[in-house]
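Student: Provide a 3D model corresponding to the input given below.
(one chain, ligands or ions: 1)
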Amino acid sequence: MSVYRRLLKLLWPYRRRVALAVLLGVATIVANTGLLATAAYLLSAAALVRLLIGLTGAVFLVRLFGLSRAFLRYGERLVSHGVTFRLLAQVRSWTYGRIEPLAPGGLAGQRSGDLLSRIVKDVDELEHLFQHVVGPLAVAALTVACAVGVLLVFGTAPALVALAFLLTAGVGLPLLSGLLARGRGRGQVAARAALDAQLVDGVQGIVDLLALDRGEDLLRETGALGARLGSEQRRASLVTGLHLGLGELLAHLAMVAAVLAAIPLVGSGRIAGVYLAAIGLLVLGTFEAVQPLGRAFQFLGRTGAAGERLYELAELRPSVTDPPDPIPAPDLPLLEFDHVSFAYESGEPPALDEVTFALVPGARLAIVGPSGAGKSTVAALAARFWDPAEGEVRLGGHDVRRYAQEDLRSRLAVVTQDAHLFNNTIRANLLVGRPGATETDLAEVLERARLTELVASLPEGLDTWIGEHGLRLSGGERQRLAIARALLKDAPLLILDEVTANLDPIVEAEVLAGIHDLMAGRTTLVITHRLVYLDDVDEVLVLDHGRIVERGTVASLSAAGGTFRRLLDAQNQYLTLV
Ligand code: ADP
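Tutor: Numbering: from 1, shown residues only. Below is the predicted model:
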């Protein structure tokens, strides 16, 4: 129940528009019913009176109802859609706002397709909240009250008969449908989410799946999920069909029953016989208000399920949170790790074990070691994507937990081997680094990242779209664009995480030329498992299984004959082979 209360609260900011939409909805049905009832009265009266002049009032009402219902319906649609789209925009930004602080730690257990489904499908499902649930319920309650009020003027019997039928169609029938369709709403949302997650995963990995000859399996699994969704939808349609048929039947039975209940009143002279047809059609017309209630109950299940999935996001806790009273991040980036230990999952072997080092402003520190040694984890902890289990990561002498995350991250620029490039223009990708950058700034970083020539050769220059993940660029160009973006950010502490890992030696040399510019005058942490181009660094830490096993200058470590020397020899051997 609480999910519905929370969903209703979403409508509160739009209460005036909601009230207007409901009033217009009631007025539309009143106009429709009024048209039917007055026309019925007019026809009956015309057969009895000699001079039609006495019916001018009724003729006027027929015209009024006939014309106004179109305008009223238009107005009602306009206002209720306005409410819906405003609501969706609000929920969409709320959802994204919930997801953003979760990255990366809090999202570890989520599939990206599932997240996409929550942002797109579950939010869209809330489209029905007002349009098909709250609106119809309010309109039905008010319209039935109006109709019963009017019928009471004629007599209690037809009013009670009509009320009984309206309640059966408006409440009893939806309850019956709800019983028949129990769990279908949740089942449909879950089946669709599973299919979406599977499709996004499958499309993202399509090349690998085909290469591994798993294409058929993917088709089979997707087919099975599609069939599950189809069967959920079929069962829901069966219930809808049954509901609509019974609804029509009840409406017509109600019309006959109300007329039968009114006949004795004519007999006793309480009402004129000319009103009989009007009473019947008034009852029939009022059913327009209760007929959408079946769908309202179905959508109630679906919006509830979608709401629950969205609110689950609110329950997920980010792996790091801002302190209540953050201090401003320092300009001079002294980075210290003080006996830092950290494991991604409790019970797993630690990714970092008692790591201690200091990177003083202006210095260059390299962290080397085999794959999986914990090097990238150092970068992740410095940027505070995670908090250490033990020890302290400090920037400018204070624990990084004392700064607001945004402020802390404004002091560092991180370039990784797979920096994400957005499916947008070169300009937009650069501006992610510094949104307010000028054309001159852009030209300067392009020059320093050795990209000027490339951009000049493109027909649309900086406004060229680079495709998904920057696929229209080569690997080296992508890395240089990431470097240009970091240059634009102009942060005092630079973290280069395996920047050239995926590049061939010639492109690597080109990219490194850009990096040297980037490093000039900046405090730099270089993370690499390749031991080339380490000439400029002041100190090297060798990491293995999360522990620092050696530290010193390149020269001292090369001479020492330990792990560094062995890594160096192995690499030189490999380079001679190629
Ligand atoms: P390196 O950068 O030296 O290759 P990493 O710091 O990436 O090493 O990884 C260190 C260890 O932590 C590895 O055993 C790796 O499998 C694990 N690890 C890295 N990232 C995650 C993550 N997001 N969740 C769980 N384990 C992780």
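Student: who touches Thr356 in this structure?
Tutor: Thr356 is in contact with 337-340, 391, 548, counting by C-beta atoms under 8 Å, 6 or more residues apart in numbering. For glycine as for every other residue, the C-beta is placed from the backbone atoms N, C-alpha and C.
Student: 10 Å instead?
Tutor: Contact analysis of Thr356 by C-beta atoms under 10 Å, 6 or more residues apart in numbering lists 336-340, 391, 541, 548, 551.
Student: of the residues you listed, buried ones?
Tutor: By neighbour count, with 16 or more other C-beta atoms under 10 Å, the contacts of Thr356 hold 336-338, 340, 391, 541, 548, 551 as buried.
Student: roughly how far apart are the nearest residue to Ser44 once chain neighbours are set aside and the ligand?
Tutor: Closest residue in space to Ser44, ignoring its immediate chain neighbours: Val274 at 4.6 Å, by C-beta to C-beta, 6 or more residues apart in numbering. Distance of Val274 to the ligand, given as C-beta to the nearest ligand atom, to the nearest Å: 80 Å.
Student: use 170 as the first number from now on
Tutor: Noted, 170 is the first residue going forward, which turns the last one into Val443.
Student: what does the stretch 420-569 of the chain have sitting close to the ligand?
Tutor: By the rule C-beta under 6 Å from any ligand atom, the part of the stretch 420-569 of the chain lying against the ligand is 513, 520, 538, 540-546.
Student: one more time with 5 Å, if that's ok
Tutor: Proximity of the stretch 420-569 of the chain to the ligand is confined to 513, 520, 540-546 under the rule C-beta under 5 Å from any ligand atom.
Student: filter these down to the buried ones, ChimeraX style.
Tutor: Restricted to buried positions by 16+ other C-beta under 10 Å, the ChimeraX selection for these reads:
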select :520,542,543,544,545,546
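Student: nearest to His685, of the residues of the stretch 420-569 of the chain next to the ligand?
Tutor: Among those, Lys544 lies closest to His685 (C-beta to C-beta), at 20.7 Å.
Student: wait, that closest one sits on Ala551?
Tutor: No. Using C-beta atoms under 10 Å, Lys544 is not in contact with Ala551, being 11.5 Å away.
Student: identify the contacts common to these two.
Tutor: Residues touching both Lys544 and Ala551 (C-beta under 10 Å, 6+ apart) are Leu694.
Student: if we can go back for a sec, farthest-separated two in the contacts of Thr525?
Tutor: The span of these, defined through C-beta to C-beta, is set by Gly560 and Arg720 at 16.9 Å.
Student: and Glu417, what pLDDT?
Tutor: If you check Glu417, the pLDDT there is 93.
Student: repeat that for Ser281.
Tutor: pLDDT at Ser281 comes out at 69.
Student: repeat for the one 10 residues further on
Tutor: What the model reports for Asp291 is a pLDDT of 86.
Student: cool, Met170 as well?
Tutor: On pLDDT, Met170 comes in at 58.
Student: got it, and Arg403?
Tutor: According to the prediction, Arg403 has pLDDT 90.
Student: equivalent analysis for Leu485, please.
Tutor: pLDDT, Leu485: 78.
Student: that one and Leu271 touch, don't they?
Tutor: Yes. Leu485 lies in contact with Leu271 (C-beta under 10 Å); the separation is 5.6 Å.
Student: from Gly731, how far out is Ala423?
Tutor: Separation of Ala423 from Gly731 (C-beta to C-beta, to the nearest Å) stands at 92 Å.
Student: same question, Ala552
Tutor: Distance, Ala552 to Gly731, by C-beta to C-beta: 30 Å.
Student: what about the helix or strand harbouring Tyr173, distance to the chain center?
Tutor: Assigned by DSSP states H and E, Tyr173 belongs to helix 171-180. Averaging C-alpha positions (C-alpha atoms, centre = their mean, to the nearest Å) puts helix 171-180 18 Å from its chain's average.
Student: who's in contact with it?
Tutor: 186-187, 252-253, 255-256, 259-260, 263, 295, 298-299, 302-304, 469, 472-480, 483.
Student: give the buried subset of these as a ChimeraX selection command.
Tutor: In ChimeraX, a selection of the buried entries from these looks like this (16+ other C-beta under 10 Å):
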select :186,187,252,253,256,260,295,298,299,302,303,304,469,472,473,474,475,476,477,478,479
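Student: near the ligand, which residues of the chain? Just list them.
Tutor: So the chain meets the ligand at 513, 520, 540-546 (C-beta under 5 Å from any ligand atom).
Student: the residue lying closest to Leu726 once chain neighbours are set aside in helix, strand or coil?
Tutor: Spatial nearest neighbour of Leu726, chain neighbours left out: Phe733 (3.9 Å); criterion: C-beta to C-beta, 6+ apart. Classification of Phe733 by DSSP: H, G, I helix; E, B strand; the rest coil places it in helix.
Student: and the next helix or strand past whichever strand or helix holds Gly399?
Tutor: Here Gly399, judged by DSSP H and E, is contained in helix 384-436. Later in the chain than helix 384-436, the nearest helix or strand by DSSP H and E is helix 445-459.
Student: for the host helix or strand of Leu345, name the packing helices and strands.
Tutor: Leu345 belongs to helix 342-349 when assigned by DSSP H and E. When contacts are defined as 3 or more C-beta pairs under 10 Å, 6 or more residues apart in numbering; DSSP states H and E, helix 342-349 sits against helix 353-373, helix 384-436, helix 462-484.
Student: one step back: what angle do the helix holding Gly399 and helix 462-484 make?
Tutor: Interaxial angle, helix 384-436 versus helix 462-484 (axes from the mean of the first three to the mean of the last three C-alpha atoms, to 10 degrees): 130 degrees.
Student: and helix 384-436, what does it pack against?
Tutor: Helix 384-436 packs on helix 304-323, helix 325-336, helix 342-349, helix 353-373, helix 375-380, helix 445-459, helix 462-484, going by 3+ C-beta pairs under 10 Å, 6+ apart.
Student: nearest to Leu415, out of the ones you listed?
Tutor: Between these, helix 342-349 lies closest to Leu415; by C-beta to C-beta that is 5.8 Å.
Student: of the buried ones among the contacts of Thr525, which is the nearest to Leu236?
Tutor: Set against Leu236, the nearest of the buried ones among the contacts of Thr525 by C-beta to C-beta is Val509 (76.5 Å).
Student: which residues does the residue lying closest to that closest one once chain neighbours are set aside contact?
Tutor: Sequence neighbours aside, Gly560 is the residue nearest to Val509 in space, at 3.8 Å (criterion: C-beta to C-beta, 6+ apart). The contact partners of Gly560, taken as C-beta under 10 Å, 6+ apart, are 506-511, 521-525, 550.
Student: ok, Gly531 to Arg691 distance?
Tutor: Distance of Gly531 to Arg691, given as C-beta to C-beta: 8 Å.
Student: the more surrounded of the two?
Tutor: For Gly531 versus Arg691, the count of surrounding residues by other C-beta atoms under 10 Å is larger for Arg691: 19 against 13.
Student: among the helices and strands packed on helix 384-436, show me which one is buried the most.
Tutor: Across these, averaging neighbours per residue (mean count of other C-beta atoms under 10 Å) puts helix 445-459 on top, at a mean of 25.
Student: point out where this protein drops to low pLDDT.
Tutor: Residue ranges of the chain with pLDDT under 70: 170, 220-221, 274-282, 352, 671, 683, 686-687, 701-702, 743-747.
Student: now the residue nearest the centre of it, nearest residue through space, not along the chain?
Tutor: Nearest to the geometric centre of the chain sits Ile288, at 1.8 Å (C-alpha atoms, centre = their mean). Nearest residue to Ile288, sequence neighbours excluded (C-beta to C-beta, 6+ apart): Thr264, at 5.3 Å.
Student: check His421 too.
Tutor: Among residues not flanking His421 along the chain, Leu453 sits closest, at 7.1 Å (C-beta to C-beta, 6+ apart).
Student: re the thing from before, after the helix holding Tyr173, next one along is what?
Tutor: Later in the chain than helix 171-180, the nearest helix or strand by DSSP H and E is helix 184-217.
Student: gap between the nearest residue to Arg647 once chain neighbours are set aside and the ligand?
Tutor: Nearest-residue entry for Arg647: Gly639, 4.6 Å, with adjacent residues in sequence omitted and distances by C-beta to C-beta, 6+ apart. Remark: distance between Gly639 and the ligand (C-beta to the nearest ligand atom) = 22 Å.
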